[in-house]
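Enquirer: 3D, please:
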Amino acid sequence: MPFPSSPRAHWGPRRRTLLAVGPAALALAGCTAGGEGPGASENGPSGAERRARARAARDSEGLVERYDAVIAAHPGLAERLGPLRAETVRHAQAFGGGPGRKPSPSPSSPSASSSAAAVPGDDKDALAALAAAERELADRRAKALLDVPGELARLLASVAAAGAAHVYLLTEGGA
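Expert: Alright, predicted model coming up:
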């Protein structure tokens, strides 16, 4: 017996339309001139933008240290976590951080020593803890989009989306 169609008319775009148009819109947004928005100047990034970049770099570097702690505590996960860790290093570099810098803990992010001590003993729990850290950071970056100018907002959005993908791979995707 077939289900009757809904008596309500569909309003707005359908999911397929959004999925088809979404990547094109993101590509166009990436092609626009940077520097627009509050605090933008012709002489370079504003102080607020530099602080936001530095914080994002510190956050990514702290996440790299969490990956390192989990890999050290669970060597069997090294192959699975290696590509995610490498991508997180690239995120830190994109924000101006990098492998040579030692992150200074920010008030809102856990310190490196506490993340190393907080590695659960079970592989599944260690992956869940990493996924929670990735999720929290991706959520914070998504909220920060409203407070930064164009190019940095696009970078934050891209890295937040990658963090959300990491969460999936750590929890369900079997990275």
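Enquirer: Secondary structure element holding residue 78?
Expert: helix 78-94 (DSSP states H and E).
Enquirer: Could you check the lengthiest helix in the chain and say which residues are buried?
Expert: In terms of residue count, the longest helix belonging to the chain (DSSP state H) is helix 47-73. Buried positions in helix 47-73, judged by neighbour count with 16 or more other C-beta atoms under 10 Å: 49, 52-53, 55-71. (C-beta placed from N, C-alpha, C; glycine too.)
Enquirer: again with stretch 138-145
Expert: Applying 16+ other C-beta under 10 Å to stretch 138-145 flags 138, 140, 141, 142, 144 as buried.
Enquirer: how far away is the last one from residue 95?
Expert: Using C-beta to C-beta, to the nearest Å, residue 144 is found at 12 Å from residue 95.
Enquirer: any common contacting residues for these two?
Expert: residue 56 (C-beta atoms under 8 Å, 6 or more residues apart in numbering).
Enquirer: Could you verify that residue 120 is part of a helix?
Expert: No: per DSSP: H, G, I helix; E, B strand; the rest coil, residue 120 lies outside any helix segment and is coil.
Enquirer: Could you count how many residues lie near it?
Expert: The number of residues packed near residue 120 is 15, by other C-beta atoms under 10 Å.
Enquirer: i'd like the first residue to be 47 from this point on
Expert: Understood, numbering begins at 47; the last thing we discussed is residue 166.
Enquirer: Contacts only, for the residue lying closest to it once chain neighbours are set aside.
Expert: Closest residue to residue 166 apart from its sequence neighbours, by C-beta to C-beta, 6 or more residues apart in numbering: residue 172 at 4.9 Å. Applying C-beta under 8 Å, 6+ apart, we find residue 172 in contact with 116, 119, 120, 123, 165, 166.
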